[in-house]
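Colleague: Please work out how this folds:
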Amino acid sequence: MTDPEKFERTEETGGGFSQDVRSKVIRAGKRTYFFDVKRTRNGEMYIIITESKKRMENDGNFFYEKHKIFLYPEDFDNFTSALEESSAFIREQQPEAGHRHDINDRVEFTPGYDEDEG
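Modeller: Predicted coordinates:
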């Protein structure tokens with residue numbers, strides 16, 4: 001969405017209205033992660049984390065498989081704590097696990113992103 005003041009009706013908000021505030025895109029091999037900060041009409045912000053993977057159908061056409069997590073401010077501390085604990089555990093058990101992706105993987109901040117991908 002190009003107009004930051006424009007609200008759009010979305011499925012994510014149960015048919016309510018949301019406003020794009022900020023997006024961060026992380027390209028990680030065959031996956032792309034989107035961290036989208038949204039604002040409700042009431043002014044409350046939340047995060048949608050989307051994992052997007054490009055897949056091929058049997059007929060050869062491509063589609064994007066998407067998985068979303070909605071994260072609300074009251075859950076930030078518990079979510080962050082659990083993520084950090086889980087990440088630390090994996091790094092301790094498998095030190096090489098954090099170095100799996102290409103050197104060409106990119107992290108970027110974007111005002112918007114390709115709607116087909118996210």
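Colleague: Every contact and neighbour count from this point should use C-alpha atoms.
Modeller: Fine.
Colleague: which non-adjacent residue is nearest residue 71?
Modeller: residue 47 (5.1 Å; CA to CA, 6 or more residues apart in numbering).
Colleague: Could you say which helix or strand holds that neighbour?
Modeller: Here residue 47, judged by DSSP states H and E, is contained in strand 45-56.
Colleague: Direction included, what does that strand pair against?
Modeller: strand 31-40 (antiparallel), strand 62-71 (antiparallel) (DSSP bridges).
Colleague: Reformat these as JSON lines; add distance to residue 90 and mean neighbour count.
Modeller: Formatted as JSON lines, those follow (distance: least, CA to CA, whole Å; neighbours: other CA atoms under 10 Å):
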{"stretch": "strand 31-40", "distance to residue 90": "20", "mean neighbour count": "19"}
{"stretch": "strand 62-71", "distance to residue 90": "21", "mean neighbour count": "13"}
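Colleague: Now render these as JSON lines, adding distance to residue 20 and mean pLDDT.
Modeller: What follows is the strands paired with strand 45-56, written out as JSON lines (distance: least, CA to CA, whole Å; pLDDT from 0 to 100):
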{"stretch": "strand 31-40", "distance to residue 20": "5", "mean pLDDT": "95"}
{"stretch": "strand 62-71", "distance to residue 20": "14", "mean pLDDT": "95"}
